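Peer 1: Give me coordinates for this.
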Amino acid sequence: RNSTGMALFGSTPPSIVSVFLSVFIDAFGGLVAMPVLPYLVYSFSGTAKDIGILSAAYQFASIFSMPVTARLSDKYGRRKFFLLGFLGSAAGFLTIGLSNKIWSMVLGRFIGGCFGASMPLAQAYISDVVGTTSEMSGKLRAQLGSVFMAALIFAPGFGGGLAQFTLQTPFFVATGMAIFGFILAYIYLTEPKKDEEEGADDPEAAGLVDKDDAEKDKTEAEKADNEKYVKNLIYIRLLWMSSFLANFGFRTMITVLAPWLQYKFGWLSKEFGFLASGIGVIGIGANLIFYSKASKKFGNTFSSILFGSGAGVAWLIVASSRKTEDGGSGNFYTGPLVYFIGATLSTMCNAIATTSNKTLLARYATPMTQGKVMGTTESINAVAGVLGPLVAGAVFDEGWQDWLPVITGVFYFFSALSVLAVYLHSKRTGHKVEKYEPKMVEFNTVMSELIFLRSRVRELEVEVQTLKSRVRKKSGEGEKGGQFEMNAMHGHHGHHQLG
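Peer 2: Numbers count the residues shown, from 1 in each chain. Here you go, the predicted structure:
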């Protein structure tokens, strides 16, 4: 595997550091523009429905672009698509920055969605460099998530500050960052080296396992795995439903959160940007600090139910905040403060419930269906990312702004009920989920030991042949020689059994 060169950030290979930097720049550039987009739509006499269409355009494009890009990169290389992604993102941001019509903004968002595949490309790159089962693989994937979270913390506040110049400024800055990312990736990002010989680490290819036995074992393992998957499918589908409902509710509110805050409290892009950064920090802290404690105390099933319901309650608290703009009866304590308490609780509960839900999906998925189950989960979430913004825009434009947090809260409650159904059904049937924990085995070390044993067997075979020749030379065709030859052949047969 490609791990040459001086390691940066501890044991992280330099090529992976380049990937991390690419993901950070790509994510930062996109998130810089997030707080400004709704206000830019309003400056063109747009509506909340138009904001929903803009959000849906990006998600709709990404539904198709992400799997296609990942598959093409398997054939043509990761580096090319990283570079292409930066250029596409720059084109999308520039299109929005130069837009004076809603349709051209939609086009810019769609272009961005077509090329916004840096995260799955980074996941594939890590697999190319360190594989999928090593301990380093899990460590690097965790670091990749932290890189994205770092962009989530700093970018919205930075974008809100840039909007004080013009509403287009964040998009031009995002364009520049994408071009800067392209230049860095072009200079420093290398194509990951793959094994020169396909199946070089395959015991069957090395001649250590009989092909027929290997095929039989593989067929039996696939059959047993499929039986477990079919048995667990009802729980997986309920968890998919839970994930869809939670993401639909979240997208419904977050899409029009900027105009909702302006309608409710008169907040503009600057306040929204810093608020988004602050809530991002809270979400990361909740996931890092409280999730492990909650899962140990309540288990992932009850954590998902408890904190999913808590997110629903939190959004009802948000709904109870009073309006302070345009003759509203609220003040700081009954308006913004109540909202901040509810938003903080919803962020914490959502982070823990989401992690618990994904952990449950990983446990109900069998070893051979991990990718299938988690990939389907992301596709379902992307569909929610298309439908939620469209519904949110329509509801906002109909004048039902005060009902949006209620709608979001109700969807979180239904999401928790779906997980409750998982618990009740498993309790009624007595079904216990098998925890899937891949063993972190140093495969290369095992292969080295097997190859050594094979070479040692061959050495023993040579020694046996030498002994047979000496016996024939000294004893001729006599009875004694024949007896020695039979013993030698017996030893030879025994060594073959060892092999």
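
Peer 1: how long is stretch 324-337 from one end to the other?
Peer 2: Using Cα to Cα, to the nearest Å, the end-to-end distance of stretch 324-337 comes out at 11 Å.

Peer 1: Mind listing residues that contact it?
Peer 2: For stretch 324-337, contacts defined as Cβ atoms under 8 Å, 6 or more residues apart in numbering pick out 262-266, 321-323. C-beta here means a position set from N, CA and C on the backbone, and glycine is covered the same way.

Peer 1: So among those residues, which ones count as buried?
Peer 2: 262-265, 321-323 (16 or more other Cβ atoms under 10 Å).

Peer 1: which two from the residues you listed end up farthest apart in space?
Peer 2: Spatial extent of those (Cβ to Cβ) is set by the pair 262 and 322 at 15.5 Å.

Peer 1: Among the contacts of stretch 324-337, which lie within helices?
Peer 2: Residues from the contacts of stretch 324-337 lying in helices, with DSSP state H as the criterion: 262-265.

Peer 1: and residue 325, which of the three is it?
Peer 2: Recorded secondary structure, residue 325: coil (DSSP: H, G, I helix; E, B strand; the rest coil).

Peer 1: do residue 164 as well
Peer 2: Following three-state DSSP, the label given to residue 164 is coil.

Peer 1: how far away is it from residue 257?
Peer 2: The spacing between residue 164 and residue 257, counted by Cβ to Cβ, to the nearest Å, is 20 Å.

Peer 1: Comparing those two, which shows the higher neighbour count?
Peer 2: Neighbour totals were compared for residue 164 and residue 257, and residue 257 leads with 21 against 11 (other Cβ atoms under 10 Å).

Peer 1: Could you find the closest non-adjacent residue to that one?
Peer 2: residue 272 (7.3 Å; Cβ to Cβ, 6 or more residues apart in numbering).

Peer 1: Tell me who's in contact with the one you found.
Peer 2: Residue 272 is in contact with 35, 156, 160, 257-258, 261, counting by Cβ under 8 Å, 6+ apart.

Peer 1: hmm, 6 Å instead?
Peer 2: Going by Cβ atoms under 6 Å, 6 or more residues apart in numbering, residue 272 touches 35, 258, 261.

Peer 1: How many residues are close by the second one?
Peer 2: Around residue 258 sit 27 other residues, with neighbours defined as other Cβ under 10 Å.

Peer 1: How about the last one?
Peer 2: When neighbours are counted by other Cβ under 10 Å, residue 261 registers 20.

Peer 1: backbone phi and psi for the residue nearest to it when sequence neighbours are not counted, please?
Peer 2: Closest residue in space to residue 261, ignoring its immediate chain neighbours: residue 267 at 4.3 Å, by Cβ to Cβ, 6+ apart. Per-residue torsions, residue 267: phi -80, psi 140 (degrees, to the nearest 10).

Peer 1: Check what pLDDT residue 267 gets.
Peer 2: What the model reports for residue 267 is a pLDDT of 85.

Peer 1: The one 4 residues further on now?
Peer 2: The predicted structure scores residue 271 at 76 on the pLDDT scale.

Peer 1: any idea which element it lies in?
Peer 2: In the assignment (DSSP states H and E), residue 271 maps to helix 269-285.

Peer 1: Check the offset of that helix from the chain's centre.
Peer 2: Its chain's C-alpha centre and that of helix 269-285 lie 21 Å apart, by Cα atoms, centre = their mean, to the nearest Å.

Peer 1: buried residues in it?
Peer 2: 269-280, 282-284.

Peer 1: Which other helices and strands does the following helix or strand past that helix contact?
Peer 2: Following helix 269-285 in sequence order, the next helix or strand is helix 291-319 (DSSP H and E). Helices and strands touching helix 291-319, by 3 or more Cβ pairs under 6 Å, 6 or more residues apart in numbering; DSSP states H and E, are helix 336-364, helix 404-429.

Peer 1: so helix 291-319 versus helix 336-364, what angle?
Peer 2: Between helix 291-319 and helix 336-364, the angle comes out at 140 degrees (axes from the mean of the first three to the mean of the last three Cα atoms, to 10 degrees).

Peer 1: from now on call the first residue 647
Peer 2: Let's use 647 as the start, then, which means that last one is helix 937-965.

Peer 1: what's the spacing between the residue nearest to residue 903 and residue 1034?
Peer 2: Between residue 918 and residue 1034 the distance, using Cβ to Cβ, works out to 19 Å.

Peer 1: Please apply the same query to residue 922.
Peer 2: Counting by Cβ to Cβ, the separation of residue 922 from residue 1034 is 17 Å.
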